[in-house]
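>>> Sequence and predicted structure below; questions after.
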Amino acid sequence: MVIKSITLRNFRQYKGEQPPIVFSTNKQKNVTVILGTNTSGKTTLIQAFKWCLYENVNFKTRDVLNIEVERSMELYSSQEVFVEIVLVHEGREYTIRRTQRFVKQDFDRVKAEKSVLKIQYKENNGEQQAIPSYECDKIINKILPEALADYFFFDGERIAEINNRKDVVAAVRGLMGLDVICEAKDRLDPNKASSVISKLKKELDIGSDEKNNELKSALTRAQLRLEQLKERMGRVKYEIQYFDNRKQELSAKILENKDEKNKQERKLAIEKEIDYIAECIVDIENRIVKDFSAGALKFFAIPHIRAAIGVIDSAKHSGEGIPEMRSAAIDFILKRNKCICGCDLRGNEEARKNILFEQSLLPPQHLGTIIRSTKGTYERYLKEAQQVWDNVLENHKQYRQFRNYLSDKHNELDRISAEIKGNINVAQIEEDYQKNEKTLAEKRELLEKIAADIGATEKEIDDIGKNLERLTVVSQKNEKLKRCIEYAYAVYEWLREGYEKQENEVKERLLESVNDIFEKMYHGKRLVTINDNYQIVLMTLLDNEQLKTDESKGLEVVKNFSFICGLVNLARQKARTGNSVTDEEDVPVNTEPYPLVMDAPFSNTDEIHINNISKIIPDIAEQVVLMVMQKDWEHAKSALESRIGCIYVIEKVNNSDTNSVIRRQ
Amino acid sequence: MEFNEYKRSNLNPDILKRLKYRIYLMERENHKTKKHKDNEMVEKIRKLIETEVGKNW
């Protein structure tokens, strides 16, 4: 940016429309000097630049209308203030005018309307083109960002603050064209939540890849399972076929050997009967043995018993005594004189006689009773022996019968066995048939189960396939996003490395430039260092040791002046060299020459420093505008003489503080 | 610096070069005009990368 002119109307001390101040744009004589006394309006000129560009002023009151004009206003009349700057930026001439209208609404109040900014630029054919009002602020920002303005339109009395400002880092970046790289780098920075890389990462459906892999594995497993099931199904079908065939074969065999079957069944029945009969025979034998054992003695005594009974029967034994009666019992009855019938025997001789008779029939007087009893016993024995005999006979009869049955059955069994000897075992076939039927049923059941499993697995494969199809779309999107992230990372790394490289270079060159300028300005032995925040620290060399020392106001001005000049000088060098400092692959930087508009730059500095500063300033910037007091100018004049393009003088009209005019010398 | 799991060497140098310069120029233009806010610029760069990558996908 190079300033061509500034025109003021009713702006603070400048009453009415002033003739334009045309600044020197000559490259050799690039210094414009504006001389003025205290309160004449030098600082107002700096403020006029800032007001025009940013509507920003540092006055205690924000009113910009000239006080004399304001006081002269009639009721309801209006006046306007404007500042118009003509400048060239990137080869294009812009006319920037900010106008503010003031209306006197009552006797002691003037209302300020909203200021209006208008920008025009000159086409190549010379025609003026207006920029839409909504674009004006953007254009101003493009020409000179407000944050940088203080470094180019600065007040020497406030110069001490310049290097301690918080935005100094941003300002240096801006001047050196690094702010663009810095912003680009920050916008891609993966560590920032809202950066390009972070946003791309957020778009990634990370879960889908895992899901995709899981599904692919599941699909492989299901396909393998299906293959196994189908193979098993084939085997089972083959087995069913086999068992079905076997069933047919066995059925046919059974049918073919139906008679044989009957015979075999008969044989089995006979065998069972034989077993039963044999058991019965054993039972009868046991009974015979048991009966004989119990009654053998009596049985063999039968002839003797019969003989004994014969003897008793042939013997005379009239004794017919009362059975089981004893002679002693009769004695007792007689002794007590009372019969068992209750008859009193005393004096009853007849009864006593009968009783005595009965006693005579009893042993020992008579044996007839004993013999009779013995015969009875023998007869009972005989009867029992007969019973044993009868039983033995009966059992023997049965035994003979069973033996005959057994013999018959054995004969029949032998006959049937002879008939079926060498023939097939139909029962075994029957058993095989039943086993075959059972296996066949099991296999058919298994086949049904396998068929159901195959159906389920096929459905599972189908479902997985559909899910995979859906996920493939997501997966492809992910792949693309990952690729985008890779490129974003690559661009980010390029910007970061480029930025770091250039920032280091800028720091080194700035330090070099500031030291160079400081050395030329300062007539002592001090050294300048720059910290990470681009703040300047002055060091004193003492016995080859660098010590931080206190600074006087004058030294502080020189230091900060060196910083500003170093910064502008560096920017200027960048602008001249363009992108030549960068390699092809390096980040291109963007810089534009800027003017230095300084108000009271020599405040607090001695004559030697004024002279030194004056020698340097014209070489620092493309364009220099100095607003100085006459007394300081005397010291600077000789050093600047050959570089002065034009000189203006601000004069107070009638020595008034509210009315100044500017005239070219 | 964080671990970059996305760093690859087989990026297309032409695409990368195009992206570098277009992103830088986009930033430079916006730095001058301040036309787009931060989030808008992020979105523009993201779309630019997606478009460039998409062309060769």
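Nice, thanks for sending it over.

>>> Identify the residues contacting residue 38.
Reading this off chain A. Residues in contact with residue A:38 (C-beta atoms under 8 Å, 6 or more residues apart in numbering or on different chains) are residue A:629. Every residue, glycine included, has its C-beta placed from N, CA and C.

>>> ah, I was thinking of chain B
Shown in contact with residue B:38 (C-beta under 8 Å, 6+ apart): A:187, A:194.

>>> Quick check: phi and psi on it?
Dihedral angles of residue B:38 (phi, psi; degrees, to the nearest 10) stand at phi -50, psi -50.

>>> pLDDT wise, what is it at?
Residue B:38 is assigned 89 on the pLDDT scale.

>>> pLDDT weak spots in the chain?
With no chain named, the answer covers chain A. Low-confidence regions of chain A, defined here as pLDDT under 70, cover residues A:60, A:62, A:156-167, A:315-320, A:364-367, A:421-422, A:550-551, A:572, A:574-592.

>>> The intended chain is chain B.
With pLDDT under 70 as the threshold, chain B has low-confidence stretches at B:1-9.

>>> And the contacts of the longest helix along it?
Ranked by number of residues, the top helix in chain B under DSSP state H is helix B:13-33. The set of residues external to helix B:13-33 that reach it, using C-beta under 8 Å, 6+ apart, is A:138, A:141-142, A:179-181, A:183-184, A:187-188, A:487, A:490-491, A:494-495, A:587-588, A:590, B:35-36, B:41, B:44-45, B:48-49, B:52-53, B:56.

>>> Show me just the buried residues among those.
Among these, those classed as buried by 16 or more other C-beta atoms under 10 Å in any protein chain shown are A:138, A:141-142, A:179-181, A:183-184, A:187-188, A:487, A:490-491, A:494-495, A:587-588, A:590, B:41, B:44-45, B:48-49, B:52-53.

>>> ok, which stretches of the stretch 451-600 of chain A are strands?
With DSSP state E, counting those that start in this stretch applied, the stretch 451-600 of chain A shows strands at A:526-530, A:536-542, A:545-548, A:595-599, listed in chain order.

>>> contacts for the shortest one?
Taking C-beta under 8 Å, 6+ apart as the criterion, the residues outside strand A:545-548 that touch it are A:527, A:529, A:537-541.

>>> again, only this time at 7 Å
A:527, A:537, A:539-540 (C-beta atoms under 7 Å, 6 or more residues apart in numbering or on different chains).

>>> Quick check, central residue of chain A?
Against the mean C-alpha coordinate of chain A, by C-alpha atoms, centre = their mean, the closest residue is residue A:207 at 7.4 Å.

>>> For residue A:263, give me its contacts.
Applying C-beta under 7 Å, 6+ apart, we find residue A:263 in contact with A:416, A:419-420.

>>> would you say it is within a helix?
Yes - Residue A:263 sits within a helix when classified using DSSP: H, G, I helix; E, B strand; the rest coil.

>>> follow-up on the earlier one: let's see the helix or strand that the longest helix of chain B is followed by as PDB, backbone CA atoms only.
Later in the chain than helix B:13-33, the nearest helix or strand by DSSP states H and E is helix B:38-55. What follows is the C-alpha trace of helix B:38-55 in PDB, where atoms were taken according to Å, rounded to 0.1, in the frame of the first residue of the first chain:
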ATOM      1  CA  ASP B  38     -13.600 -20.400  10.300                       C
ATOM      2  CA  ASN B  39     -16.100 -23.200  10.100                       C
ATOM      3  CA  GLU B  40     -17.000 -22.300   6.500                       C
ATOM      4  CA  MET B  41     -13.300 -22.400   5.500                       C
ATOM      5  CA  VAL B  42     -12.900 -25.800   7.200                       C
ATOM      6  CA  GLU B  43     -15.900 -27.000   5.200                       C
ATOM      7  CA  LYS B  44     -14.500 -25.600   2.000                       C
ATOM      8  CA  ILE B  45     -11.100 -27.300   2.500                       C
ATOM      9  CA  ARG B  46     -12.800 -30.600   3.500                       C
ATOM     10  CA  LYS B  47     -14.900 -30.500   0.300                       C
ATOM     11  CA  LEU B  48     -11.900 -29.500  -1.800                       C
ATOM     12  CA  ILE B  49      -9.900 -32.500  -0.500                       C
ATOM     13  CA  GLU B  50     -12.900 -34.900  -1.000                       C
ATOM     14  CA  THR B  51     -13.500 -33.600  -4.500                       C
ATOM     15  CA  GLU B  52      -9.800 -34.000  -5.500                       C
ATOM     16  CA  VAL B  53      -9.600 -37.400  -4.000                       C
ATOM     17  CA  GLY B  54     -13.000 -38.300  -5.500                       C
ATOM     18  CA  LYS B  55     -11.800 -37.400  -9.000                       C
END
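
>>> Can you check what angle separates helix B:38-55 from helix B:13-33?
Here helix B:38-55 runs at an angle of 160 degrees relative to helix B:13-33 (axes from the mean of the first three to the mean of the last three C-alpha atoms, to 10 degrees).

>>> give me the element residue A:625 is part of.
Per DSSP H and E: residue A:625 is located in strand A:623-628.

>>> Mind giving me the packing neighbours of that strand?
Secondary-structure packing of strand A:623-628 (3 or more C-beta pairs under 7 Å, 6 or more residues apart in numbering or on different chains; DSSP states H and E): strand A:31-35, strand A:595-599.

>>> Please work out which residues outside the lengthiest strand in chain A touch it.
Using DSSP state E, we find that the single longest strand of chain A is strand A:92-106. Among residues not part of strand A:92-106, those counted as contacts by C-beta under 7 Å, 6+ apart are A:51-53, A:55, A:64-65, A:70, A:73-87, A:110-113, A:115-122, A:143.
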